[in-house]
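K.L.:
Fold the following for me, if possible:
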Amino acid sequence: MNVSLHNAKALNLRYRIPFVQARVLCEGGDGRFIDPDESTNGNCLDDIQRVYGRQPAFDQPRTNWEHWDDSNPIEIDLADSSDTLQQKLRGVKHPYYDEPGAYIKFPLHADDTKDLMKDLVNKKMVGGQSLLALARMASYGLENVVSVAHSQIQIISQTSRLNRDFKISQPALPPTYQKVECNFLCGFYSIRDLRTQMYAKRFFIGIIHHGSACQHWTSFIWDRVRGDLYHFDSFLPDQVLRTTNVAYMWRELLASCGMPYNFNIFQGPITPQEDSISCGPLCIFMIFRFLGGLVGCTGEEMRRIHRSHTLQLVGQPPTGASTAPVLLFSDWVVGLSLDRPSTHKAKAVIALNFIKAFFYHLCLEDLGVRQSNTVFYTKWRRDGTTVITPCVKKYGQNHDTHTL
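P.N.:
Residues are numbered from 1 along each chain as shown. Predicted coordinates:
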């Protein structure tokens with residue numbers, strides 16, 4: 001082993017979550033998760049390059065600025081009420097939400113987006129609806145390939161037990177299968193609606209809320225063609241336990257959808273977050289990286305660098321993934337080979353600042369606001385007076401000075 005590879009492995013094992021994977025065995029054995037007529041659909045081909053056709057943009061900049069008037073710019077206060085915000089944005093058009101069949105309209109999306117910006121400015125944990133707004137943005141330009149969950153999946157308890165031991169068991173699962181208390185409908189009214197949302201789309205993306213008392217967010221990409229579930233969790237404590245519970249939850253979801261077939265699960269090795277509130281933006285950023293980046297390491301390269309950990313699932317022997325994942329793995333911390341800053345922690349701080357500023361800028365464009373100096377935040381003091389603060393973004397030429 002050469003010295004550089006040895007050092008790389010030591011760095012990764014010290015700072016990064018291990019590469020977790022497994023083959024989750026189900027009652028139906030090996031099977032297909034797409035209908036026969038979908039297999040010839042261009043969106044569901046096995047070759048990723050043929051599905052995409054070309055390298056997708058990392059994000060889709062707004063092209064319609066017909067509403068913008070430099071002499072009378074839209075000025076948004078992050079403390080604006082919903083009615084006030086809608087009045088200010090009344091002339092803004094958005095093709096994603098203006099479609100007749102759109103399940104969510106632009107006014108509601110704008111509220112979620114403004115709340116996201118407010119949480120970023122106040123350095124608070126981002127809520128589920130705001131994270132879903134970001135997930136929708138991740139699908140812009142890829143709408144024919146990617147479908148988005150309407151709401152979060154909820155894993156209520158971190159303790160799993162046999163299906164037969166629940167007060168209300170899951171009829172789609174054998175009584176001896178392990179199960180967690182969860183709600184996996186993703187905001188749809190029925191299993192049929194959930195299946196319809198995925199139809200003719202290769203990828204299904206969404207977020208997962210873990211626990212009832214604690215607040216923690218992870219995200220996922222479901223590759224329907226390959227039967228691969230990618231799970232993104234940036235919080236190191238109990239990460240393997242959460243991924244195990246996600247495997248149980250997804251097995252129940254598939255069985256309920258009439259697809260009780262074996263599938264692979266992968267938890268990519270990413271840098272753990274340093275704080276307790278960044279899980280939401282980080283897990284969504286990983287969806288951007290995996291769907292739009294198409295750059296990184298293969299599953300085999302990840303195994304060589306990080307070593308893999310096979311999930312120990314109750315009721316089955318340790319079983320590794322049956323095939324290598326087709327999406328390439330990357331991290332939210334980039335530029336690790338640069339000399340400055342010298343420490344991994346310093347690079348993580350810079351990366352997190354960049355991600356927050358990137359999402360902030362993305363939200364501004366999505367709302368139809370061209371200039372950052374037209375966004376303010378009003379705070380009320382206890383004595384009834386107010387303080388109005390401009391929300392200023394700084395963009396460095398090399399993307400290393402993004403701050404909020």
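
K.L.:
what's around residue 35, how many residues?
P.N.:
12 (other C-beta atoms under 10 Å). Bear in mind the C-beta positions are built from the backbone N, C-alpha and C, glycine included.

K.L.:
Look up the closest residue to it, ignoring the ones flanking it.
P.N.:
residue 199 (7.5 Å; C-beta to C-beta, 6 or more residues apart in numbering).

K.L.:
Please save the CA atoms from stretch 38-54 in CSV.
P.N.:
Taking Å, rounded to 0.1, in the frame of the first residue of the first chain, the C-alpha atoms of stretch 38-54 are listed here in CSV:
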residue,chain,number,x,y,z
GLU,A,38,-42.0,1.0,-18.2
SER,A,39,-38.9,-1.0,-19.2
THR,A,40,-38.9,0.5,-22.7
ASN,A,41,-39.6,4.0,-21.5
GLY,A,42,-36.6,6.3,-22.0
ASN,A,43,-36.9,7.5,-18.4
CYS,A,44,-36.5,4.0,-17.0
LEU,A,45,-33.6,2.6,-19.0
ASP,A,46,-30.8,0.8,-17.1
ASP,A,47,-28.0,3.0,-18.5
ILE,A,48,-27.9,6.3,-16.6
GLN,A,49,-26.2,8.1,-19.4
ARG,A,50,-29.0,7.2,-21.8
VAL,A,51,-31.6,8.2,-19.3
TYR,A,52,-30.2,11.7,-18.8
GLY,A,53,-28.9,12.1,-22.3
ARG,A,54,-26.4,14.7,-21.2
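
K.L.:
residues in contact with it?
P.N.:
Stretch 38-54 has contacts (C-beta atoms under 8 Å, 6 or more residues apart in numbering) with 34, 142, 144-145, 199-202, 224-226, 294, 326-327.

K.L.:
residue boundaries of the helices in the stretch 301-404 of the chain?
P.N.:
Here the stretch 301-404 of the chain has its helices, by DSSP state H, counting those that start in this stretch, at 344-367.

K.L.:
ok, now the stretch 151-300 of the chain?
P.N.:
191-198, 239-256, 279-288, 299-306.

K.L.:
Just the buried residues of the first one, please?
P.N.:
Neighbour-count burial for helix 191-198, counted by 16 or more other C-beta atoms under 10 Å, picks out 194, 197-198.

K.L.:
quick one: residue 226 and residue 323 touch, right?
P.N.:
Yes - with contacts counted by C-beta atoms under 8 Å, residue 226 reaches residue 323, the gap being 7.0 Å.

K.L.:
and for the two, which residues touch both?
P.N.:
Common neighbours of residue 226 and residue 323 (C-beta under 8 Å, 6+ apart) are residue 264.

K.L.:
These two - which one has more neighbours?
P.N.:
Shown here are residue 226 and residue 323; by other C-beta under 10 Å, residue 226 has more neighbours (19 against 11).

K.L.:
any idea how far residue 255 is from the residue nearest to the spatial centre of the chain?
P.N.:
Nearest to the geometric centre of the chain sits residue 284, at 3.1 Å (C-alpha atoms, centre = their mean). Distance, residue 284 to residue 255, by C-beta to C-beta, to the nearest Å: 28 Å.

K.L.:
so where's this protein uncertain?
P.N.:
For the chain, the stretches flagged by pLDDT under 70 are 1-17, 213-214, 293, 335-342, 371-404.

K.L.:
Repeat the analysis, applying 80 as the threshold.
P.N.:
1-18, 39-42, 47-50, 52-57, 212-214, 293-295, 307, 334-346, 371-404 (pLDDT under 80).

K.L.:
tell me the contacts of the residue lying closest to residue 327 once chain neighbours are set aside?
P.N.:
Once flanking residues are discounted, residue 327 sits nearest to residue 290: 5.1 Å by C-beta to C-beta, 6+ apart. Residues near residue 290 by C-beta under 8 Å, 6+ apart: 221, 230, 327-330.

K.L.:
Can you get me a residue count around residue 156?
P.N.:
So residue 156, with other C-beta under 10 Å, has 14 neighbours.

K.L.:
Now residue 88. Nearest residue, chain neighbours left out?
P.N.:
residue 74 (5.5 Å).

K.L.:
what about that neighbour, neighbour count?
P.N.:
19.

K.L.:
what secondary structure does it sit in?
P.N.:
coil (DSSP: H, G, I helix; E, B strand; the rest coil).

K.L.:
Make sure it is actually in contact with residue 89.
P.N.:
Yes - counting by C-beta under 8 Å, residue 74 touches residue 89, with 6.9 Å between them.

K.L.:
Look at residue 326 and say how many residues are nearby.
P.N.:
So residue 326, with other C-beta under 10 Å, has 14 neighbours.

K.L.:
pretty sure it is in contact with residue 223, am I right?
P.N.:
Yes - counting by C-beta under 8 Å, residue 223 is a contact partner of residue 326 at 7.1 Å.

K.L.:
if I look at those two, which residues touch both of them?
P.N.:
Shared contacts of residue 326 and residue 223, counting by C-beta under 8 Å, 6+ apart, come down to nothing at all.

K.L.:
circling back to that earlier point, could you dump the contacts of stretch 38-54 to a markdown table with distance to residue 266?
P.N.:
Listed next are the contacts of stretch 38-54 as a markdown table, based on distance: C-beta to C-beta, whole Å:
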| residue | distance to residue 266 |
| --- | --- |
| 34 | 19 |
| 142 | 20 |
| 144 | 24 |
| 145 | 19 |
| 199 | 24 |
| 200 | 24 |
| 201 | 20 |
| 202 | 16 |
| 224 | 15 |
| 225 | 15 |
| 226 | 11 |
| 294 | 16 |
| 326 | 11 |
| 327 | 9 |
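
K.L.:
Name the member of these with the most neighbours.
P.N.:
residue 202 (27 neighbours).

K.L.:
how near is that residue to residue 223?
P.N.:
Residue 202 sits 7 Å away from residue 223, going by C-beta to C-beta.

K.L.:
Ok, residue 273 next?
P.N.:
25 Å.

K.L.:
Can you name the residues bridging to residue 329?
P.N.:
residue 297 (DSSP bridges).

K.L.:
Count the neighbours of it for me.
P.N.:
24.

K.L.:
so who does it touch?
P.N.:
19, 268-269, 290, 296-299, 301-302.

K.L.:
what does residue 292 give?
P.N.:
56-59, 138, 142.

K.L.:
Can you give the contact residues for stretch 61-68?
P.N.:
Counting by C-beta under 8 Å, 6+ apart, 74, 91-93, 95, 365-366, 368, 370 sit against stretch 61-68.
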